[in-house]
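Trainee: just a sequence and a predicted model for now, questions to come.
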Amino acid sequence: MALPSRVAVILVHGGASSSRMYSKMEPILQESYHYEHVYIPDLPGHGKEYHDKPFSFEKSTNALHELIQGIRSSDAKLLILIVGISLGGQAVLDLIRKYPTDVDSAVISGASIMPPDASASWEMPRLPMDDPDWMKIIMEDAGHWPPEEAQELQKCSFGFEFTPDPTTNTSASILILRGQHDTPMANRDFDSLVQRARSYSTSKHTTGQILEGAWHNHSVDIPSEFTKVVDSWSKTVFADE
C-alpha cells in the first residue's frame, strides 16, 4: 500500500469560492493522515487568480495540467490524487477527459453534467449559517463577484458536459460522490455520471457513493468526515502500489 507520503493530493474548490474552501481539511490531511504533499490551487478567476478572468474550463484544465506536470517533474514516483467539489468537480472531469494520464485517481462530488431543467432547477447550495468563521470566508470570496460575472460563471458551469471520446480511456480510478441532500442538479446527474465514469475508466475501483446526511460543500460542512472518505479511497485504490 502506498504510504500517504507517496501520494500528492490536489484539492480543487467550487465556483465563486477559493482555495480557502479547504482551510479546515488541509491540516487534517497533513496532521491526522500524514499526507505531506497537499496542493490547493485557486482556479482561474478565483482567489489569488482573480485577475485571470473570465473563468473557463480550458483555462482551469491548462492550469491543473501545468501544476501536475510540475509535481511529476519534482518527484516522478508520486501518485496523484485529485479531489474536486461542484465546479471543481467539473474542472477535474474536464482535466481527466483531456489528459487521461495526468492523475492516478480522482474524487469528484456534487458535479452536474447537464443544464437545469424542469426536473432539476438550480438552487443555492446550503451554507453553514451556524459557523461564523466559514460564513465570513464564503461571503468574502463571493463578494468579489459582480452579478454579471457570477452569471457568466454560472452559465459556464451549466453548459458543462462530460462525454468522453469512446476511443479513449483512462486508467485512473474515479470516485463519484454526492451528498444525500445535495443540489437537485447533482442528484439528478449522479447515476449518469457514475455510468460514464465507469465507461471511461478501466480501473476496477471506479464507482459511485452517496454520503449519508451530507449536503454539497463537504470540505466546509463535514471536513473531518470528508477527509476520512478521501483517505479511505486513497488506501483502497493504491493498495497495490
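Mentor: In hand now; what should we look at?
Trainee: can you classify Ser224 as helix, strand or coil?
Mentor: At Ser224 the chain is in helix, as set by DSSP: H, G, I helix; E, B strand; the rest coil.
Trainee: and for Pro164?
Mentor: Relying on three-state DSSP, one would call Pro164 coil.
Trainee: which residues touch the closest residue to it other than its chain neighbours?
Mentor: Nearest residue to Pro164 in three dimensions, chain neighbours excluded: Tyr200, at 4.4 Å (CB to CB, 6 or more residues apart in numbering). For every residue, glycine as well, the C-beta is placed using N, CA and C. By CB atoms under 8 Å, 6 or more residues apart in numbering, the contact set of Tyr200 is Ile96, Arg97, Pro164, Thr168, Asn169, Thr170, Ile174.
Trainee: least confident pick among these?
Mentor: Lowest pLDDT within the contacts of Tyr200 is found at Pro164 (89).
Trainee: returning to that earlier point: hmm, which of the contacts of Tyr200 are the buried ones?
Mentor: Taking 16 or more other CB atoms under 10 Å as the criterion, what is buried in the contacts of Tyr200 is Ile96, Arg97, Pro164, Thr170, Ile174.
Trainee: out of these, which sit inside strands?
Mentor: Cross-referencing the buried ones among the contacts of Tyr200 against strands under DSSP state E gives Ile174.
Trainee: dump the contacts of Tyr200 to a markdown table, plus distance to Val83.
Mentor: Shown next, in a markdown table, are the contacts of Tyr200 (distance: CB to CB, whole Å):
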| residue | distance to Val83 |
| --- | --- |
| Ile96 | 12 |
| Arg97 | 17 |
| Pro164 | 20 |
| Thr168 | 23 |
| Asn169 | 21 |
| Thr170 | 16 |
| Ile174 | 11 |
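Trainee: just the ones of those residues in helices?
Mentor: With DSSP state H as the criterion, helices contain Ile96, Arg97 from among the contacts of Tyr200.
Trainee: mind listing what's buried along stretch 64-83?
Mentor: Those would be Leu64, Leu67, Ile68, Ile71, Leu78, Leu79, Ile80, Leu81, Ile82, Val83, for stretch 64-83 by 16+ other CB under 10 Å.
Trainee: element containing the residue lying closest to Leu3 once chain neighbours are set aside?
Mentor: Using CB to CB, 6+ apart and skipping residues adjacent in sequence, the residue nearest Leu3 is His34, 7.9 Å away. Using DSSP states H and E, His34 sits in no helix or strand.
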